[in-house]
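Novice: Fold the following.
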Amino acid sequence: MRIEQRLWTQAGWRRLAGDDLGSEARLVLVFGAAAALRQGAVLAELRDRYPAALLFGCSTAGEIRGDEVSDDSIVATAVCFERAHVLGASVALAECSEDSFHAGERLAASLPLSLPGDGADAGASLRHVFVLSDGLRVNGSDLVRGLTACLPAAVNVTGGLAGDGAQFAETLVLHDGTAGPGVVAGIGLYGAGLRVGFASVGGWDPFGPERLITRSHGNVLYEFDGQSALGLYKKYLGEHADRLPASGLLFPLSLRTRAGETPVVRTILAVDEAAQSMTFAGDVPEGAYARLMKANFDRLIDGASEAARSSQGAIGPAPAELAILISCVGRKLLLKQRVEEEVEGVREVLGPRPVFAGFYSYGEISPFTTGARCELHNQTMTITTLTET
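Specialist: Residues are numbered from 1 along each chain as shown. Reported below is the predicted structural model:
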């Protein structure tokens, strides 16, 4: 696997790592600010530089490259696989009547389980699916269920929801060179020599009593213990309540449906004062139990390191060559000047070899660890590591 990485700012493009791959690149991961991705000339430069590559990426709430985090930039990571292969697919949410489960089904069905054709690579099996979705128009839990329902159990899914800084106005997904809202896109990775590791870890502390969700619909929450959920949430937030939904990133919910299970974390995407409801990135089912959470800075950073260890462990002794880091915008807002510490913690575990690419998201998609079911997460550091053997 050979990798080249470039950074775009208002000053233009510059190379960060690797040799010029040009027409040898088969995949370019593109993570950038929404305003930058709307500049057609910037993406046109990438298409000209990598004419044989699939351009695939999304808008962000911050870009990760190397050990650094930047804003208002674009990070392009071009990959030339030695033996693995990549195919892409996309689905417009509008074509699925905004049904996220159906969108996941359609996307999964668009990726063949083995490479078509009669060439030397025909028949190579699907090993992994990496998915990026609009971050505001999707129920991430339903999307994941739709994807996994149509894929073999041995094919894992990782990825994330596009971001828009702390604006929550419009997110973009880039597939095959075109960036737009309301899109879910994925890439299938094929080939026996490809090894993929993954893990997702949080690091938040719960506080306050656990409450029963007594009224909800999908990812819209109305009542805790028979009372207005929004009213209770505002009571706990105090002075932060006036800045909802953005301030909700600082106080996510820990959610469990059964005793003893690992809780998932949910953050707010929108509030409806008239309905006294809150819309989350994923499901908040009736009968589940929820607690508010707050930040523990050291545990957030330790969580990123733990995700790195689990992800590396999943691919065995071979060192990772590429690490895709997807961390939640809420972590970035809390860590502030310390945000690069969680990336540095990942570097300490994975070592100097892998190229880091990634972004701050509105949701992360991954199993917690190998063998667990894939889920939508919020407020985690999710890492996907790749290497060829």
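
Novice: domains of the protein?
Specialist: Listed by automatic domain parsing, the domain ranges of the chain are 2-201+300-388, 205-294.

Novice: what's downstream of the stretch of helix or strand Ser310 belongs to, the next helix or strand?
Specialist: Per DSSP states H and E, Ser310 falls inside helix 297-314. With elements assigned by DSSP H and E, the helix or strand that comes after helix 297-314 is strand 322-328.

Novice: what angle do that following strand and helix 297-314 make?
Specialist: Angle between the axes of strand 322-328 and helix 297-314 is 150 degrees (criterion: axes from the mean of the first three to the mean of the last three C-alpha atoms, to 10 degrees).

Novice: what packs against strand 322-328?
Specialist: strand 156-161, helix 297-314, helix 339-350, strand 355-361, strand 363-367, strand 381-388 (3 or more C-beta pairs under 8 Å, 6 or more residues apart in numbering; DSSP states H and E). (Glycine included, C-beta is placed from N, CA and C.)

Novice: And those, which one averages the lowest pLDDT?
Specialist: The stretch with the lowest mean pLDDT among the helices and strands packed on strand 322-328 is helix 297-314, at a mean of 89.

Novice: From the chain's centroid, how far away is it?
Specialist: Taking the mean C-alpha point of helix 297-314 and that of its whole chain, the gap between them comes to 16 Å (C-alpha atoms, centre = their mean, to the nearest Å).

Novice: got the contact list for that helix?
Specialist: 196-205, 319-320, 323, 327, 331, 334-335, 338, 341-343, 345-346, 348-350, 369-370, 380-385 (C-beta atoms under 8 Å, 6 or more residues apart in numbering).

Novice: partners of the strand ranked longest in the chain, with directions?
Specialist: Looking across the chain with DSSP state E, the single longest strand is strand 205-217. Under the criterion DSSP bridges, strand 205-217 sits next to strand 220-224 (antiparallel), strand 289-294 (antiparallel) in its sheet.

Novice: Which stretch among the ones you listed is buried most, on average?
Specialist: Most buried of these by mean neighbour count (mean count of other C-beta atoms under 10 Å) is strand 220-224; its value is a mean of 22.

Novice: got the residue ranges for the helices in the stretch 51-200 of the chain?
Specialist: Using DSSP state H, counting those that start in this stretch, the helices of the stretch 51-200 of the chain run over 100-109, 140-149.

Novice: can you list the ones you listed in CSV and add mean neighbour count, distance to His240 and mean pLDDT?
Specialist: CSV is the format used below for those (neighbours: other C-beta atoms under 10 Å; distance: least, C-beta to C-beta, whole Å; pLDDT from 0 to 100):
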stretch, mean neighbour count, distance to His240, mean pLDDT
helix 100-109, 23, 29, 95
helix 140-149, 24, 24, 94
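
Novice: Same list (those) but as JSON lines, adding distance to Leu126.
Specialist: Formatted as JSON lines, the entries for those read as follows, by distance: least, C-beta to C-beta, whole Å:
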{"stretch": "helix 100-109", "distance to Leu126": "10"}
{"stretch": "helix 140-149", "distance to Leu126": "12"}
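
Novice: Any idea which of these gets closest to Ala179?
Specialist: Set against Ala179 and scored by C-beta to C-beta, those come closest in helix 100-109, at 17.4 Å.

Novice: Just the C-alphas of that closest one, formatted as PDB.
Specialist: C-alpha atoms of helix 100-109 as PDB (Å, rounded to 0.1, in the frame of the first residue of the first chain):
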ATOM      1  CA  SER A 100     -32.500   5.400   6.700                       C
ATOM      2  CA  PHE A 101     -33.000   1.600   7.000                       C
ATOM      3  CA  HIS A 102     -34.000   1.400   3.300                       C
ATOM      4  CA  ALA A 103     -31.000   3.600   2.400                       C
ATOM      5  CA  GLY A 104     -28.700   1.200   4.200                       C
ATOM      6  CA  GLU A 105     -30.200  -1.800   2.500                       C
ATOM      7  CA  ARG A 106     -29.900  -0.200  -0.900                       C
ATOM      8  CA  LEU A 107     -26.300   0.800  -0.300                       C
ATOM      9  CA  ALA A 108     -25.300  -2.700   0.800                       C
ATOM     10  CA  ALA A 109     -27.100  -4.300  -2.100                       C
END
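
Novice: list the helices and strands that helix packs on?
Specialist: Against helix 100-109 (3+ C-beta pairs under 8 Å, 6+ apart) you get strand 85-92, helix 140-149, strand 183-190.

Novice: What strands line up against the first one, and which way round?
Specialist: Think strand 85-92. By DSSP bridges, strand 85-92 pairs with strand 183-190 (antiparallel).

Novice: how about the partner strand: buried residues?
Specialist: Using 16 or more other C-beta atoms under 10 Å as the test for burial, strand 183-190 gives Val183, Val184, Ala185, Gly186, Ile187, Gly188, Leu189, Tyr190.

Novice: Likewise for stretch 42-53?
Specialist: Val42, Leu43, Glu45, Leu46, Arg49, Tyr50, Ala53.

Novice: Looking at those, spot the one nearest Gly260.
Specialist: Closest to Gly260, out of all of the buried residues of stretch 42-53 and judged by C-beta to C-beta, is Ala53, at 45.4 Å.

Novice: any idea how far the closest one lies from Leu325?
Specialist: Separation of Ala53 from Leu325 (C-beta to C-beta, to the nearest Å): 21 Å.
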